[in-house]
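Asker: build me a structure from this.
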Amino acid sequence: MNCHIIEGGVTAAKGFSAASTAAGIKYKNRADMAMIYASVPCAAAGCFTRNLVKAAPVKWDQKIVYESKKAQAVIINAGIANACTGQEGMDYCLKTAEKAAAVLNVSPDHVAVASTGVIGMQLPMDKIEAGIDAMAPQLASTLEAGNLAAKAIMTTDTHSKEAACEVTIGGKTVTVGGMCKGSGMIHPNMCTMLSFITTDCAIDQALLLEALQADVEDTYNMISVDGDTSTNDTCFVMASGLAGNPCIQEKGDDYETFKAALHYVNLTLAKMMAGDGEGATALFEVKVIHAMDKAQAKVLAKSVITSSLTKAAIFGHDANWGRILCAMGYSGATFDPEAVDLYFQSAAGCIQIIENSVALPYSEEEATRILSEDAVTAICDIKMGDAEATAWGCDLTFDYVKINADYRS
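Answerer: Residues are numbered from 1 along each chain as shown. Below is the predicted model:
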């Protein structure tokens, strides 16, 4: 099922606008708040961190998804996470929603909130409320407004992250667009990420939620930067229905087409986050092929992508295949350790490193050249079946430690 890739992010779909402002929450001389607004109440879906320690915005947004089931606005701040802030933090979610509701003339229980940044600090509500006042008049459906919003939600990200595509459903053009932030504290089971997806597809809320929950398993939950699962992870989706397609109320061809578009946007954003890991110089992809089943392939791929020693080897452009085989061995998945073939691949070429878990007489110089690209892939063939899975991460560099050693300052 082909998706037509287009330019844009959260403002690409019909009915959505965005704004941003420099509220001075933590950062100086840069925008640090964003707003997404829909002209109509939307079907809402969300997936959230599996960390037992959940930030106040996560708890607030879970109520919207599972109780209100509709949303019309999202207020996002960068710099302070509003995590581990007790009842005061929850009260601030309510105050944020009530302020946005008053300014935008929507229901407070249709306003999602999201925060990212330092854990344990209380939000400066005077700045949050002033930021909402500043953003509302600036709301625009332009690509520029969407891009500025994507920049405003960044923390240690080095660039903004957006994706959008179009598909045809019921003879109508349906658009899915999104933006995200994420660079550190990123690990499967959602990562320290905020992801916001908008679509003008008309779709039943329960089906929207089911589609999102399934797709997260193959996208955001297959990336890792550092093995830390965050307190604030949120992927929030709003569907306005303004494309005019017949409402998708059951599974079938239209549902599958929508899922393909959602998958493209989620996967594109997920890979952008993996490649922009804190201090990273390369996107590292691990593909496990010929597995017994997908579950086995996922466990193996995730284990390799989270191996600190493997990530360090990728940074050094070193074909240290023993680290990959080692990470597969402690993954918990059962496979024949004497029957693994391993390849490294990039834009510079492809080279087989081991066959049946024994080193081949490969050229170290060629392997280094292949591993020196800004996107490299390890292909692990375990020869057990027809299933496969792919995980994404990045190399581990000196700068990762530098960034996180003084993050609070």
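
Asker: scan this protein for its longest strand.
Answerer: When the chain is scanned for its longest strand (criterion: DSSP state E), the result is strand 33-48.

Asker: in that strand, what counts as buried?
Answerer: Neighbour counts over strand 33-48 (16 or more other Cβ atoms under 10 Å) mark 33-38, 41-48 as buried. (Each C-beta comes from the backbone N, C-alpha and C, glycine too.)

Asker: elements contacting it?
Answerer: If you count contacts as 3 or more Cβ pairs under 8 Å, 6 or more residues apart in numbering; DSSP states H and E, strand 33-48 packs onto strand 16-21, helix 56-63, strand 70-80, helix 125-135, helix 143-152, strand 194-199, helix 205-216, strand 234-239.

Asker: for these, which one sits closest to Asn105?
Answerer: strand 70-80 (9.6 Å; Cβ to Cβ).

Asker: now that closest one against helix 205-216, angle please.
Answerer: Orientation of strand 70-80 against helix 205-216 (axes from the mean of the first three to the mean of the last three Cα atoms, to 10 degrees) gives an angle of 40 degrees.

Asker: that older thread, strand partners (parallel or antiparallel) of the longest strand of the chain?
Answerer: Strand 33-48 has its sheet partners listed here by DSSP bridges as strand 16-21 (antiparallel), strand 70-80 (antiparallel), strand 234-239 (antiparallel).

Asker: just say which of these is most tucked in.
Answerer: strand 234-239 (a mean of 28; mean count of other Cβ atoms under 10 Å).

Asker: next SSE after that one?
Answerer: Using DSSP states H and E, the next helix or strand after strand 234-239 towards the C-terminus is helix 253-275.

Asker: against which helices or strands is that following helix packed?
Answerer: strand 161-169, strand 172-181, strand 194-199, helix 205-216, strand 283-291, strand 387-394.

Asker: what distance separates it from the centre of its chain?
Answerer: 10 Å (Cα atoms, centre = their mean, to the nearest Å).

Asker: swap in stretch 339-350?
Answerer: A distance of 26 Å separates the centroid of the chain from that of stretch 339-350, by Cα atoms, centre = their mean.

Asker: what sits against Gly275?
Answerer: Residues counted as contacts of Gly275 (Cβ atoms under 8 Å, 6 or more residues apart in numbering) are Ala282, Leu283, Asp374, Ala375, Trp392, Cys394.

Asker: for the fourth one, give its distance to Val10.
Answerer: Spelled out, it's Ala375. 26 Å (Cβ to Cβ, to the nearest Å).

Asker: the two: who's more crowded?
Answerer: Of the pair Ala375 and Val10, Val10 is the one with more neighbours under other Cβ atoms under 10 Å, namely 28 against 15.

Asker: three-state assignment of that one?
Answerer: coil (DSSP: H, G, I helix; E, B strand; the rest coil).

Asker: correct me, but it touches Phe196?
Answerer: Yes: contact criterion Cβ atoms under 8 Å: Val10 and Phe196 qualify, at 5.7 Å.

Asker: what sits in contact with each of these two?
Answerer: Ile36, Gly178, Met179.

Asker: can you list the helices and strands packed on helix 253-275 in JSON lines and add mean pLDDT?
Answerer: Output for the helices and strands packed on helix 253-275, formatted as JSON lines (pLDDT from 0 to 100):
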{"stretch": "strand 161-169", "mean pLDDT": "97"}
{"stretch": "strand 172-181", "mean pLDDT": "96"}
{"stretch": "strand 194-199", "mean pLDDT": "96"}
{"stretch": "helix 205-216", "mean pLDDT": "96"}
{"stretch": "strand 283-291", "mean pLDDT": "95"}
{"stretch": "strand 387-394", "mean pLDDT": "93"}
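
Asker: tell me which of these is the most buried.
Answerer: strand 194-199 (a mean of 30).
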